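Participant: From the sequence below, what's the structure:
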Amino acid sequence: MVGGTWLGTSYLHPDDISESRWARLMMTRQAYETMVRERAARDVSAPEVGEPAPDFSAHRLSPVGARTGERFVLSQTRGRPVGLVFGSYT
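Facilitator: This next block holds a predicted model:
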C-alpha cells in the first residue's frame, strides 16, 4: 500500500486498489492510470478556487432547447453574478 493520493489528485494510487475493487470498478489498471494521468494534466491549467473563470462563449438556447442565434459571452457579464448549469443528455 502506498497511501494518500496519486499525481496530485484525490484518486487512489493503483497499488492501493484491491482486486475486488478493480472488479467493482469494471476498469483495468491501465485504463485507470490513463484516466488519472489525463485528468491530472488537464487540472494543471484549471483556475484555483476564488480565481476568475476563463472567458468562453456558448450558444443561447430557447426553453425547448433550440438555438436562438444569440451567444452568451462570460466576459460580458463581469461584475454580475452568473449561474451556470452543466448537464448531458446522452
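Participant: Report the contact partners of the nearest residue to A40 once chain neighbours are set aside.
Facilitator: Using CB to CB, 6 or more residues apart in numbering and skipping the chain neighbours, the partner closest in space to A40 is L7 (4.2 Å). (Glycine included, C-beta is placed from N, CA and C.) The contact partners of L7, taken as CB atoms under 8 Å, 6 or more residues apart in numbering, are 36-37, 40.
Participant: Just confirm L7 is within a helix.
Facilitator: No: counting by DSSP: H, G, I helix; E, B strand; the rest coil, L7 is not found in a helix; it is coil.
Participant: Name every strand pairing with the longest strand seen in the chain and say which way it goes.
Facilitator: Longest strand in the chain, counting residues (DSSP state E): strand 67-73. Using DSSP bridges, strand 67-73 pairs in its sheet with strand 57-61 (antiparallel).
Participant: and stretch 13-22, which residues are buried?
Facilitator: Residues I17 are the ones in stretch 13-22 that count as buried (16 or more other CB atoms under 10 Å).
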